[in-house]
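# dropping a prediction and its sequence here:
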Amino acid sequence: MSRIGKQPIPIPAGVKIAVDGGNVKVEGPKGKLELTAHPNMKVESDGKSLKVTRPNDVRQNRALHGLTRALINNMVVGVTTGYSKKLKIEGVGFQAAAKGSGPTAGVELTVGFANRIVHMPPAGITVAVPDPTTIVVSGADKQKVGQFAAEIRASRKPEPYKGKGVRYENEVVRRKEGKSFAAGK
């Protein structure tokens, strides 16, 4: 039995969950999320918790069991507390600025190219730029937050010699030694 899959998912106060066959809809203070579970997985609710069960021990069902439970749990956490990723920009003249205002605000990056790069977030994701070298991506959907943060990072990945570029807050970039000239030649 999957150790993750067999754990029940507690439903916190203020969260509404509707289970209709394989469709799971979660609604909370931070938004609404929806998941269509694999047809082999059975999701049941007793009002206080959710439980995911599988029909047998076939390899695919064992894998889907823990995955389905984790995805539903991420939805519950997302609509209650939300997710956020913090990105740091390093390099002389490299900076970020908010583009637009309100919930549709994007981010404009100046990262050493001739033109500025503008990233507009998908629906449900908010971007904040507290200072020119910090970007905070937040939202209820863990996958969308991670994907948008990865797209911003891909604009200028940190390079290994000087460490310039966009990186996650606690990311460690392995540094390489530059060219060294032989003294005896």
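Received the coordinates, thanks. Residues are numbered from 1 along each chain as shown.

# for the longest helix seen in the chain, which outside residues touch it?
For the chain, the longest helix by residue count, based on DSSP state H, is helix 59-80. With contacts defined as Cβ atoms under 8 Å, 6 or more residues apart in numbering, helix 59-80 is touched by 2-7, 9, 11-12, 14-15, 17, 24, 26-33, 35, 37-38, 40-41, 43, 50, 52-55, 83, 139-142. The way it works is simple: take the backbone N, C-alpha and C, and place the C-beta from them, glycine included.

# which non-adjacent residue is nearest the residue most central in space within the chain?
Note on the chain: the residue nearest the mean C-alpha position is Gly146, at 2.4 Å, using Cα atoms, centre = their mean. Excluding the flanking residues, the one nearest Gly146 by Cβ to Cβ, 6 or more residues apart in numbering is Lys85, at 6.6 Å.

# partners of the one helix or strand the one you found maps to in the sheet?
In this structure, Lys85 sits in strand 83-90 according to DSSP states H and E. Using DSSP bridges, the strands paired with strand 83-90 in its sheet are strand 134-139 (antiparallel), strand 165-168 (antiparallel).

# may I see the buried residues of the shortest one?
Neighbour-count burial for strand 165-168, with 16 or more other Cβ atoms under 10 Å as criterion, is recorded at 165-167.
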